[in-house]
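Visitor: Need the 3D shape of this:
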Amino acid sequence: MPIYEYHCGECDAEFEKYLRSMFAKETITCPTCGSEHVVKALSLFGTASGGSTGPAPASSCGPVG
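Guide: The predicted structure is shown next:
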């Protein structure tokens, strides 16, 4: 089941919603105020940071030349 993050345009609440399918045609409402003026938010889980805290890229691990 995919998990989507949403942002309410009425009360600025952020919440997650579990959907049975990514193609589900459900009406999403804000659990705080009940508004249907919600948009999918950018999920920080799926984005990369600009920092270099992870391992080095694979291209720099092999011999050069």
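Visitor: Can you show me the strands along the protein?
Guide: 3-8, 14-18, 38-40 (DSSP state E).
Visitor: If you count neighbours, what's buried in the first one?
Guide: When you say that, I think you mean strand 3-8. For strand 3-8, burial by neighbour count (16 or more other Cβ atoms under 10 Å) applies to Tyr6, His7, Cys8. Glycine gets a C-beta too; all of them are placed from N, C-alpha and C.
Visitor: Residues in contact with that strand: which ones?
Guide: The contact list for strand 3-8 (Cβ atoms under 8 Å, 6 or more residues apart in numbering) reads 13-19, 28, 30, 32-33, 35, 37-43.
Visitor: please redo it, this time with the cut-off set to 7 Å
Guide: Surrounding strand 3-8, the residues in contact under the criterion Cβ atoms under 7 Å, 6 or more residues apart in numbering are 14-19, 28, 30, 32-33, 35, 37-41, 43.
Visitor: partners of it in the sheet?
Guide: Partners of strand 3-8 in the sheet, by DSSP bridges, are strand 14-18 (antiparallel), strand 38-40 (antiparallel).
Visitor: And these: which comes nearest Pro2?
Guide: Nearest to Pro2 among those is strand 14-18 (7.6 Å), distances taken as Cβ to Cβ.
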